[in-house]
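S.K.: When you get a sec, could you give me coordinates for this:
(chains A, B, C, D, E and F)
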There are 6 protein chains.
Amino acid sequence: MFLRIDKLGVELPPSKFDPTAAAAVQELMGGRFGEMSTLNNYLHQSASMRAKRQLGPFYELVASITAEEVGHVELVAAGINALLDKAPDDEDPEAAPFEDNETPRINQHFIMGGPGHLVANSQGAPWSGDYVFNSGNLVMDLLHNFFLETGARSHKARVYEMTSNETARTLIGYLLVRGGVHQAAYGLALEKLTGVKMTKMLPVPNIDNARFPHTQPWEKKGEHTRLYTFSPSDYQHLGGIWSGKADWADGKPLQVVKGHPEGFDAPEGTPHHAGFAPDHEPGEIFEIAKRLMKNM
Amino acid sequence: MFLRIDKLGVELPPSKFDPTAAAAVQELMGGRFGEMSTLNNYLHQSASMRAKRQLGPFYELVASITAEEVGHVELVAAGINALLDKAPDDEDPEAAPFEDNETPRINQHFIMGGPGHLVANSQGAPWSGDYVFNSGNLVMDLLHNFFLETGARSHKARVYEMTSNETARTLIGYLLVRGGVHQAAYGLALEKLTGVKMTKMLPVPNIDNARFPHTQPWEKKGEHTRLYTFSPSDYQHLGGIWSGKADWADGKPLQVVKGHPEGFDAPEGTPHHAGFAPDHEPGEIFEIAKRLMKNM
Amino acid sequence: MFLRIDKLGVELPPSKFDPTAAAAVQELMGGRFGEMSTLNNYLHQSASMRAKRQLGPFYELVASITAEEVGHVELVAAGINALLDKAPDDEDPEAAPFEDNETPRINQHFIMGGPGHLVANSQGAPWSGDYVFNSGNLVMDLLHNFFLETGARSHKARVYEMTSNETARTLIGYLLVRGGVHQAAYGLALEKLTGVKMTKMLPVPNIDNARFPHTQPWEKKGEHTRLYTFSPSDYQHLGGIWSGKADWADGKPLQVVKGHPEGFDAPEGTPHHAGFAPDHEPGEIFEIAKRLMKNM
Amino acid sequence: MFLRIDKLGVELPPSKFDPTAAAAVQELMGGRFGEMSTLNNYLHQSASMRAKRQLGPFYELVASITAEEVGHVELVAAGINALLDKAPDDEDPEAAPFEDNETPRINQHFIMGGPGHLVANSQGAPWSGDYVFNSGNLVMDLLHNFFLETGARSHKARVYEMTSNETARTLIGYLLVRGGVHQAAYGLALEKLTGVKMTKMLPVPNIDNARFPHTQPWEKKGEHTRLYTFSPSDYQHLGGIWSGKADWADGKPLQVVKGHPEGFDAPEGTPHHAGFAPDHEPGEIFEIAKRLMKNM
Amino acid sequence: MFLRIDKLGVELPPSKFDPTAAAAVQELMGGRFGEMSTLNNYLHQSASMRAKRQLGPFYELVASITAEEVGHVELVAAGINALLDKAPDDEDPEAAPFEDNETPRINQHFIMGGPGHLVANSQGAPWSGDYVFNSGNLVMDLLHNFFLETGARSHKARVYEMTSNETARTLIGYLLVRGGVHQAAYGLALEKLTGVKMTKMLPVPNIDNARFPHTQPWEKKGEHTRLYTFSPSDYQHLGGIWSGKADWADGKPLQVVKGHPEGFDAPEGTPHHAGFAPDHEPGEIFEIAKRLMKNM
Amino acid sequence: MFLRIDKLGVELPPSKFDPTAAAAVQELMGGRFGEMSTLNNYLHQSASMRAKRQLGPFYELVASITAEEVGHVELVAAGINALLDKAPDDEDPEAAPFEDNETPRINQHFIMGGPGHLVANSQGAPWSGDYVFNSGNLVMDLLHNFFLETGARSHKARVYEMTSNETARTLIGYLLVRGGVHQAAYGLALEKLTGVKMTKMLPVPNIDNARFPHTQPWEKKGEHTRLYTFSPSDYQHLGGIWSGKADWADGKPLQVVKGHPEGFDAPEGTPHHAGFAPDHEPGEIFEIAKRLMKNM
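M.R.: Numbers count the residues shown, from 1 in each chain, chains lettered A, B, ... in the order given. Predicted coordinates:
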């Protein structure tokens, strides 16, 4: 079972309207190496793993990271929506507020949403359940996960290079740090199982997080060394895997933290007439909501 | 952000090997109206909704049901895996333990997993991000969700009719009750917004839950009247929508419950030689895991 | 614009429940060479053709065959549904009327419909708009259409060989004859344009319709020599292409017929409790419909 | 069976070359809520409905709207092609007439067609048979259709806002009115069956057609109150559902019209050298067509 | 550039008709880890690698294995076709030679081919270009390839367990050995680059080839230690990577062989009346072919 | 079996960075009529053809063209990569070297590769195994192949018209000539089998290669008249089909050439920091490669 807290992992600064950046960031949502993929790989692997208790920390690692990844999906969604939040608006459809003959963008951001994000990659192609690898074999699953996080890291880095938008980069900086923790954790798990020193391969691609300035606030806080249980009660054996030092980075000690990191309020989201979001004239809806809250 | 608790919403009885039932139940996982669809519709809608605070209980309804749906995905996964858990096994590949020329089944259950479930429908076709409707418009999203839960209810009912397997039916009975809560809740939300009495349409399809005996233990407990916040702290205004009586059912009073229902241990999962799950001879892996847990 | 007449091109005999045949016949619906493909290729080609009037009979040929093909889609649908019409039924879901561990069938026939057909091929994979070839170039479009009808003919023949079901074969016999007319017509059009004697290649594959007994009632009526305008008013120049003799068959004279062939009532369709089709207990619905018809 | 009349529902004004608008309008062709979806949902539902005669006007409603929708598909095709009709041309390929490094457009409009439309959405992704919902259950099918037309209405409105192109808006204005009739008709059908006042929800999204000026010529003619049988002979009981007043609009009386509305000639389409459409030098083809028409 | 030799890598024994085995083996053709995937990953990686000459043996390794993989695709095709070669046949379509209501099989084997294989997986779903990972980054590509061969090995092993068919197992035994060479080679390449001892992880899954008897004839010949250049002239630096001993197996010395292994004649393929393959009555075709060969 | 030679069929001139041309050329890689389609159609047809020896030159034609097509796939890949080779670069990710808000391009060229090509069409949609037609029937396969090469010729011509980039046009000029040979060869094969003079239809579309200047160097060399065996030893009966004169072109005598044409070195490919291709700082990798080559 899962619980939800109405917070995001990172505070997203407001952004100017930036549909080109929004298109690029979609890859981190619904691409083969996006957050929908990390979430669903770990969710489905943890649900189907055999001999769960006997696998102890190996099961718990995959199970607990799953919870963090649901939050990453909502975070990337919030990021894309922040880039689309201030789309040109007009109460009058005849003004063609969504018209644009110049900027590369994803048409469906404007037709499907208000405007809003898609469960799709940077081409607008939908995420597919085919991206889930769930072999039942522990070594293969961990090797896959290490590879998945490696591909994910490179895509985050390249999308960073596709936009100078501060909101997008704030999002990506955080994901680079947290994804890096997962990459290393799967590497360590493989080391425990096979003796092969996977973390010696890090960083892959061979460029330090330090080269991406938006990772630095998080590394300074030590977020690259912390693995959270993301549970009020369970997954108590993660320290069997996540312990020792971050040899692949600054060598600081690795720590398991019970529970979850402090969160931040999600961007409110600006009502949009042209997108009918939440309605063309949402005043009445807001009234109803207010009344319902009072009458409780 | 999301937290995870190492429990399932229902206690799944062990099953004989039943690959035909497993194939049918896949529709409830990765079909257009399966749990992957309910989860992702609500997750992405809640992440992109504009004017979240002003929408109050409307936002909170979608946001909090999301958390329950992540748990439903893992639950359906557990159900399918229970049906595949006791697949024929043999340490010797030459014995062709997976050979079967008679039973309708999904080949990839045996090739992809150990054996295990897919993120796919009853034809083995992967779930697609295209199944998410996220319009930004509150009335349309609620209308969609009411329709989605209606389609989902009919598919649960028909899959129930496709198998007499007790494990599958236990799973489906629970989902019928909890999905019915969501269907009614979206109907009530539409009523508050538009004045249209959607819940008068229930049940759709027009057959009572009582006709599906495996729903009865849950209805007796009152689970058809309870909406959980699935949060340790948030979504406190659900009562603005979920209140009054269950007119579409037995007329009992509707109640919002803070937090989550009690859960049950997930099936452990039996190691499988032929599936190399978690390995062909997993003994050493279990040893390592044990040692890691001791050394913490 | 299109008009509809509440008739089918062929009288479909009732069938025993035959889900295996239904699965095979799906290829003629939603396969790359099924009726969805012939319909949509001609519909979209005729809509986008440039210099329509100057192309005269070439435009009209594609445009008028389109109308026949919409009817073929509904006909194949009717055929598949006839094969599923008498699916096991029970008012009590607990009886598991849809359970079957032996027969190869398409699961979604029972989950999606009541039971009913899909817009998919014999694997249950959905038809795709990618199957439409619409090049704008007249010779290429005609060459494509000749090839499409050739592939379609072979698939009809092979599906015929996959089932001895009388209903399925009645359907296929008719489609073989009418598809043969279209194949020859596109061949003749190419001959007029390029001088290449395409019809000399017929029959492809090299087996006479006479070997499929269910084609014979239609050939005896001369249906293999008739091209209908399928219009109350238009497409008057088809004779520019469809004239002379059926050299590829029995040498009978080709004739253009204004309007459409006589049709037959579609199968009524049996209400199905387990499928909730049109409802679990449809009596009330029938009452309402009756009253509405009276009150007009 | 279907008949075809060589007319379109609306007179499309010629357009300057507008590939960006063409890309946006594709959503109304092959998107999940485009005309391919409305057509195919109603075509396949009407073909598979059980107890057709007993369902009377409910069956006839779906069956007759199908015929109008085939015409909408060809109409949207004509619209997109009008936007592409005057694409830059040159007899000499070396002049690179299709080159453009600035304008957002769909590459395949130029590679697949001459140039011409696709059976795809605004991202160029093909329409899929997976978009058809055909449950066999009458209430669910009608609820789906009401939702489908609701989604379709919002997409038409948003595409209207994406372009100030007069041809595109003329097309969309007409579709908004006719789609609105279908949305209301399915709402009324649901009301008759369930007593739930669905039309009270209209308009969804909550913005009047009057805000889209290109709907007004059609509303003035009363096209928002007319339901055509689109048949020379059948579907005589539509008045059982479509009667009373248009409460959701201007309150005018609803009328069923036997047959079809007057139509307009489709745009001829300009030959295009660079697209080889209908050929690089089509003169000879036109000669052949002329001769064939004379020789009849 | 590529050259072809009219031989297969293995001699395939004839098989009884075995459509269930044919369906399973399709996964090794068109599944995410099938031979279409290994071929296309290496083909496209080698074509897009930057600084080819400077990468020397790393480039050459990927480039030369590509050539072997084209041969593996044709080999798996030959294998599936051998399993379908003796499908029931009859000159008379009315005999319904393809009818079968019992055996799990892929319908399209009979409708698409004569009968014959598909470019699809064990569900009949087509192979997709999305399965190609081509990052431009050498370490990531090699890590991917090691993982791909690992997944491929497990799928070969599990398909082996799904069939006792001798032809299928002969095919799989060979592929296990040759795929094992590629898995180890990519592991060694990673070791040279990063110092991480990937081959220490082998075998993954943790079961020896010796447990699959059909690998043994090839291991006895030493085929698990040989890397061929598959070129008459190029890829001379493979020894930079493939040298030393097969520590992960029997410790025998690794050798690079210039050129290609001796091959075997492909199965001829039996003409099939019902499949029209190569025609319903192919006699005339054979005559023409004979005459053409004489007249040269 | 296949062998590889480290050469390309054409010498590709270096190009300025041209992502718009790269996007268009993708259609010739992974579109329905791209080189992935020609390669895989012939590869899979030749592998599954029944009565191979008795079909003599018909089998050999398809089998030997396959080998040339593998080379065309790598050639188109090389072409697209040449257009992306000089993408803006910077060692510092913060400089956002991949940012571009103006140029139409495929986002995934920058996220997936370094930058690099995709196995996809001009919309970025992946190539699908569904594009393979492999009927088992010789006449149908040849008719398909003639049609496929016809569609391919038109797409090459239109992509030529979409770019004035010299590198792209050099590539396309060559493909037009070689594809034209395959189109004519399949036409001739059909003529031998059926007596229908397919080559009389050429050129389709009706515009001479001479209008595309980049074809002329190859036609002057006579490459439009040569069919290579692309084999060191086999396919000796091609002259049974490929003989006589090129009536559809300049009437020069057709010749079969044993072996393959002379080739050219592939572009080296420039290392790219921002793409981490082959690494962010590849110096160390080059050192390792150098040492490995020395130590052999």
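
S.K.: can you list the weak-confidence ranges in the stretch 1-150 of chain A?
M.R.: The model of the stretch 1-150 of chain A has no residue with pLDDT under 70.

S.K.: And the helices in the stretch 51-200 of chain A?
M.R.: Using DSSP state H, counting those that start in this stretch, the helices of the stretch 51-200 of chain A run over A:52-55, A:57-84, A:108-111, A:138-161, A:166-194.

S.K.: For residue D:187, find the nearest of those helices.
M.R.: helix A:108-111 (23.3 Å; CB to CB). In this view, the C-beta of every residue, glycine as well, is placed from N, C-alpha and C.

S.K.: touching chain D at all, that closest one?
M.R.: Yes: applying CB under 8 Å from any CB of the partner chain, one finds helix A:108-111 touching chain D at A:108, A:110, A:111.

S.K.: can you put these in a markdown table and add distance to chain F and neighbour count?
M.R.: Converted to a markdown table, the residues of helix A:108-111 next to chain D look like this (distance: CB to the nearest CB, whole Å; neighbours: other CB atoms under 10 Å in any protein chain shown):
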| residue | distance to chain F | neighbour count |
| --- | --- | --- |
| A:108 | 13 | 24 |
| A:110 | 17 | 27 |
| A:111 | 17 | 28 |
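
S.K.: What is the nearest of those residues to residue E:29?
M.R.: Using CB to CB, the residues of helix A:108-111 next to chain D come closest to residue E:29 at residue A:108, 33.8 Å.

S.K.: List the contacts of that closest one.
M.R.: Neighbouring residues of residue A:108 by CB atoms under 8 Å, 6 or more residues apart in numbering or on different chains: A:118, A:120, A:124, D:27, D:31, D:121, D:122, D:123.

S.K.: Could you say which helix or strand holds residue A:285?
M.R.: Element membership for residue A:285 (DSSP states H and E) is helix A:283-294.

S.K.: most centrally placed residue in chain A?
M.R.: For chain A, the residue sitting closest to the mean C-alpha position, by CA atoms, centre = their mean, is residue A:72 at 2.7 Å.

S.K.: Please list only the buried members of the contacts of residue A:108.
M.R.: Using 16 or more other CB atoms under 10 Å in any protein chain shown as the burial test, these include A:118, A:120, A:124, D:27, D:31, D:121, D:122, D:123 as buried.

S.K.: Of all pairs in those residues, which one spans the longest distance?
M.R.: It's A:120 and D:27 that sit farthest apart of those, by CB to CB, at 14.1 Å.

S.K.: rewinding a little: including distance to residue D:65, could the buried ones among the contacts of residue A:108 go into a markdown table?
M.R.: Below are the buried ones among the contacts of residue A:108 laid out as a markdown table (distance: CB to CB, whole Å):
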| residue | distance to residue D:65 |
| --- | --- |
| A:118 | 30 |
| A:120 | 31 |
| A:124 | 30 |
| D:27 | 21 |
| D:31 | 19 |
| D:121 | 22 |
| D:122 | 24 |
| D:123 | 27 |
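
S.K.: which of these lies closest to chain B?
M.R.: Distances from the buried ones among the contacts of residue A:108 to chain B were compared by CB to the nearest CB; the smallest belongs to residue A:120, at 5.5 Å.

S.K.: Quick check: the gap between the closest one and residue F:105.
M.R.: 18 Å (CB to CB, to the nearest Å).

S.K.: near chain E, which residues of the stretch 51-200 of chain A?
M.R.: A:128, A:130, A:133, A:135, A:137, A:139-140, A:143-144, A:147, A:150-151, A:154, A:190, A:194-198, A:200.

S.K.: ok, of the residues you listed, which come out buried?
M.R.: Buried by 16+ other CB under 10 Å: A:128, A:130, A:133, A:135, A:137, A:139-140, A:143-144, A:147, A:150-151, A:154, A:190, A:194, A:196-198, out of those.

S.K.: contacts with chain B among the residues you listed, please.
M.R.: Among these, chain B is touched by A:128, A:130, A:135, A:137, A:139, A:140 when using CB under 8 Å from any CB.

S.K.: ok, now which ones touch the last one?
M.R.: For residue A:140, the set of contacting residues under the criterion of CB under 8 Å, 6+ apart consists of A:133, B:276, E:150, E:151, E:154, E:204, E:205.

S.K.: what residues are up against the residue nearest to the last one when sequence neighbours are not counted?
M.R.: Read that as residue E:205. Excluding the flanking residues, the one nearest residue E:205 by CB to CB, 6 or more residues apart in numbering or on different chains is residue B:276, at 3.7 Å. For residue B:276, the contacting residues are A:135, A:136, A:137, A:140, B:114, E:154, E:157, E:158, E:205, E:206, E:207, by CB under 8 Å, 6+ apart.

S.K.: Many thanks, have a good one.
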